[in-house]
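# I would like the atomic coordinates for the input below:
(one chain, ligands or ions: 1)
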Amino acid sequence: MPDLRRIALDDTHAVLVGELPASLVPDRPAFDALWSIHPAAFHEIKMHGRPVKTPRWQQAYGADYRYTGNTNRALPLTPAMHPWLRWAREHFDPTLNGLLLNWYDGTADHYIGKHRDSEINRVEGSPIVTLSFGDVRMFRMRPWRAQGFVDVPATDGSVIVIPWDTNRAFTHEVPASKKTQGRRISVTIRAFHE
Ligand SMILES: O=C(O)CCC(=O)C(=O)O
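A predicted model of the protein is given here:
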């Protein structure tokens, strides 16, 4: 098990935070290569029945992901992605099988709004593992339908694990900020039924 810090959100819920081994953190050329494969178009979701383009690029790999009224059709994993999935399966849950990448361009104010991850077709009890590369951004946890928040810095090479029950009780988001004008890529890893 990697060294993980437990950040308590209330009496029973927490997120776990740690670091990827340095060998799995992309160096600058590898980061640029990963950045270059972001989709040309923004993924479309449905909000209140209307099509809305997500304010960041998103692409599923390995397993389709259905959320907010649409399906993100998966591409095959690239060679760079296999070691991340292998590592997450070994340390957190062997059923993890799908990646969703998010590309955030700080100069374009990219963000993800508060949400709980969809449970459609996900393996009950499995965690969401998020790897962060590039510029630091805040990963904000809020209690579902209550006030307050906890910010967890998502630094280059960090790992944030959201257990199943925490995703039910807390939303997460990555807000835009004038202070963060760089590029960030998140690799989010989930377990889906085949
Ligand atoms: O980019 C992140 O760290 C969060 C991504 C996220 O919340 C999601 O893919 O559901």
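
# How is Pro2 classified with respect to secondary structure?
Three-state call for Pro2 (DSSP: H, G, I helix; E, B strand; the rest coil): coil.

# Surely it is in contact with Phe92?
No - counting by Cβ atoms under 8 Å, Pro2 stays clear of Phe92, with 9.2 Å between them. For glycine as for every other residue, the C-beta is placed from the backbone atoms N, C-alpha and C.

# Show me what from the chain comes close to the ligand.
100, 102, 112, 117, 130, 139, 154, 172, 174, 186, 188 (Cβ under 6 Å from any ligand atom).

# Nearest to Ala60 among these?
Leu100 (5.1 Å; Cβ to Cβ).

# can you list the residues that contact the host helix or strand of the closest one?
Using DSSP states H and E, Leu100 maps to strand 98-105. Contact with strand 98-105 is made by 34-35, 38, 56-65, 72, 74, 77, 81, 84-85, 110-112, 135, 137, 174, 183-192, as judged by Cβ atoms under 8 Å, 6 or more residues apart in numbering.

# Now the helix or strand following that strand: buried residues?
Next in sequence after strand 98-105, counting helices and strands by DSSP H and E, comes strand 112-115. The neighbour-count check on strand 112-115 (16 or more other Cβ atoms under 10 Å) flags Ile112 as buried.

# Whatever helix or strand comes next after strand 112-115 pairs with which strands?
The first helix or strand that comes after strand 112-115 along the chain, using DSSP H and E, is strand 128-134. Applying DSSP bridges to the sheet, strand 128-134 is found paired with strand 158-162 (antiparallel), strand 183-190 (antiparallel).

# then stretch 2-9 to CSV, C-alphas only?
Extracted in CSV, the C-alpha atoms of stretch 2-9 (Å, rounded to 0.1, in the frame of the first residue of the first chain):
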residue,chain,number,x,y,z
PRO,A,2,1.4,3.5,-0.8
ASP,A,3,1.6,5.9,2.1
LEU,A,4,-1.8,7.5,2.3
ARG,A,5,-3.0,10.4,4.4
ARG,A,6,-6.6,10.2,5.5
ILE,A,7,-8.4,13.5,5.3
ALA,A,8,-11.5,13.3,7.4
LEU,A,9,-14.5,15.1,6.0
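
# can you start the count at 12 instead of 1 from here on
Okay, residue one is now 12; in that scheme the one you just asked about reads as stretch 13-20.

# residues in contact with that stretch?
With contact meaning Cβ under 8 Å, 6+ apart, stretch 13-20 is reached by 25-32, 102, 152, 154, 161, 163, 170, 172, 177, 180-181.
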